[in-house]
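**Student:** requesting a structural model of the entry that follows:
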Amino acid sequence: MKLIINADDCGYSKTNNSHIKQAIEKGKITSTTIMANMPEVEDAIRLYETYHNDISFGIHLNLTEGEPLVNSQTLVDFGYYAVNNGRSCFNFDNAEQFRYKRLPKAIKDAIYRELAAQITKLKDMGIELSHIDSHQHIHTCASLMGVIAQLSKDFNLPKVRRIKNYVSPHSMSFWGRQAWYILSKTHNRHYIMANYFSSFQDYFNNPALLSLKDKDSLELMVHPGHYQEAYQEEEQMMLDTNYPSNIHLINYKEL
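**Tutor:** Alright, predicted model coming up:
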């Protein structure tokens, strides 16, 4: 089995970046994704400059935390930005709104401009991006499928994180996630995705994940450096894990 271990939230803080650096040096992750609009993005660029031959670096698209790169009165008017002391910032509950609301074209166009600016910023800083994923999985929201597909085409980024899909095949959730994949490929048939995507801890808690076939590819996400207890447990598990010989660690450039 081919296994990608991706550290989300690179650039979120210096603590996150330092923990990601440690994971790279210990050979415990194969990929990371950078948040272009967060405070320590320049520190994340230094990680790229040092380690881009060792792991892949993608973009962690973000519409839920921090300040936007593009001022949009449309998104302010519709409540997707808050304005504090004259400065715009994302609303944290945007992910739920995007997931369950049908978005007008004006909002989709404004979101495209913001996400395109995030990609452009990293490319202008010298990053050769390997793939797309997102904060709070906003790229998997049905209302944004067309936006993500257009970004993938316009910036030649065909590799995209799959929706979490290793759930019971007897559940409604399983079929909903299968439908998401089919619809995503309909929007962009050139997408390249791992066969499976899950959290790191699910890899150990779900015995079925341990029996994937040799030809299968699996991405696991981790969150080094976050203060939440669950993420600290996840990080320690990641650092302590050694893999059997039938598991081949790869990065997104090798997918």
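**Student:** next, the buried residues of stretch 94-108.
**Tutor:** By neighbour count on 16 or more other C-beta atoms under 10 Å, the buried set for stretch 94-108 is 94-95, 97-98, 103, 107. Heads up, the C-betas are built off the backbone N, CA and C, glycines and all.
**Student:** quick check, nearest of the residues you listed to residue 180?
**Tutor:** residue 98 (13.7 Å; C-beta to C-beta).
**Student:** hey, where'd the strands end up in this structure?
**Tutor:** Secondary structure of the chain (DSSP state E): strands at 2-10, 31-34, 56-61, 81-84, 87-90, 132-134, 196-199, 217-222, 248-249.
**Student:** ranked by average pLDDT, which of these falls at the bottom?
**Tutor:** Lowest mean pLDDT of the strands of the chain: strand 81-84, a mean of 84.
**Student:** ok, residues contacting that strand?
**Tutor:** Strand 81-84 is touched from outside by 68, 72, 75-76, 88-91, with contacts defined as C-beta atoms under 8 Å, 6 or more residues apart in numbering.
**Student:** distance to residue 133 and neighbour count added to the residues you listed, as a markdown table?
**Tutor:** Converted to a markdown table, the contacts of strand 81-84 look like this (distance: C-beta to C-beta, whole Å; neighbours: other C-beta atoms under 10 Å):
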| residue | distance to residue 133 | neighbour count |
| --- | --- | --- |
| 68 | 19 | 24 |
| 72 | 23 | 19 |
| 75 | 22 | 23 |
| 76 | 26 | 15 |
| 88 | 24 | 17 |
| 89 | 22 | 14 |
| 90 | 17 | 21 |
| 91 | 20 | 16 |
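**Student:** which of those sits closest to residue 120?
**Tutor:** Nearest to residue 120 among those, counting by C-beta to C-beta, is residue 68 at 13.5 Å.
**Student:** re earlier: out of the strands of the chain, deepest packed?
**Tutor:** Highest mean neighbour count of the strands of the chain: strand 31-34, a mean of 29 (counted as mean count of other C-beta atoms under 10 Å).
**Student:** show me what that one is packed against.
**Tutor:** Judged by 3 or more C-beta pairs under 8 Å, 6 or more residues apart in numbering; DSSP states H and E, the packing partners of strand 31-34 are strand 2-10, helix 41-51, strand 56-61.
**Student:** now with 10 Å?
**Tutor:** Packing partners of strand 31-34 (3 or more C-beta pairs under 10 Å, 6 or more residues apart in numbering; DSSP states H and E): strand 2-10, helix 14-25, helix 41-51, strand 56-61, helix 105-124, strand 132-134, strand 217-222.
**Student:** show me what that strand pairs with in its sheet, parallel or antiparallel.
**Tutor:** The strands that strand 31-34 pairs with in its sheet are strand 2-10 (parallel), strand 56-61 (parallel) (by DSSP bridges).
**Student:** residue contacts, the closest residue to residue 233 other than its chain neighbours?
**Tutor:** Leaving out its chain neighbours, the residue that sits closest to residue 233 by C-beta to C-beta, 6 or more residues apart in numbering is residue 201, at 7.6 Å. Each residue near residue 201 by C-beta atoms under 10 Å, 6 or more residues apart in numbering is listed here: 220, 222, 230-231, 233-234, 237-238.
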